[in-house]
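S.K.: Sharing a sequence plus its predicted fold:
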Amino acid sequence: MKSLILLLVIILSPSIYGQTNFNWDKVDSISKNKNEIYSTTKMFISQTWNSAQDVIQNDDKDAGMILLKGLSVQSLFFQGNNHTWTFSYTVKFLMKDNKYRIIIE
């Protein structure tokens, strides 16, 4: 019986502590044309990220799309140990006249 419980703990442990994927999607309407939304988005990116040129992977004004890829490192010192978590993420800004979409993965 003990070996069965130990086997279940070993099998289920990776699924309990593994990183899960996160997806967030937002679509909204706004009273601006595509160029105004694009410039507002570029301003937001430059104010939010320390080095916007490092995270921007694709920037296509004509198609109305900006793709960002970044890495977030979080650390916590707890009980004499330094714990560090690393999260990679992708942010897509899609825009057209009077509409925009933001996808975070």
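M.R.: Thanks, I have the structure now.

S.K.: Okay, helices next: where are they in this structure?
M.R.: Applying DSSP state H to the chain gives helices spanning 2-17, 34-48, 52-55.

S.K.: Enumerate residues external to the second one that contact any of its residues.
M.R.: The set of residues external to helix 34-48 that reach it, using CB atoms under 8 Å, 6 or more residues apart in numbering, is 30, 32, 52, 55-56, 61, 64, 66, 68, 93, 95-97, 100. All C-beta spots, glycine's among them, are computed from the backbone N, C-alpha and C.

S.K.: dump the residue contacts of the spatially closest residue to residue 69 that is not a sequence neighbour.
M.R.: When the adjacent residues along the chain are set aside, residue 69 lies closest to residue 57, with 4.9 Å between them (CB to CB, 6 or more residues apart in numbering). Remark: with contacts taken as CB under 8 Å, 6+ apart, residue 57 is in contact with 67-69.

S.K.: sorry, back to before: which of the helices of the chain has the lowest average pLDDT?
M.R.: With a mean of 51, helix 2-17 has the lowest mean pLDDT of those.

S.K.: Could you report the neighbour count for residue 69?
M.R.: Around residue 69 sit 15 other residues, with neighbours defined as other CB atoms under 10 Å.

S.K.: Kindly apply the preceding question to residue 104 instead.
M.R.: 13.

S.K.: For it, give the beta-bridge partners.
M.R.: For residue 104, the beta-bridge partners are residue 24, residue 91 (DSSP bridges).
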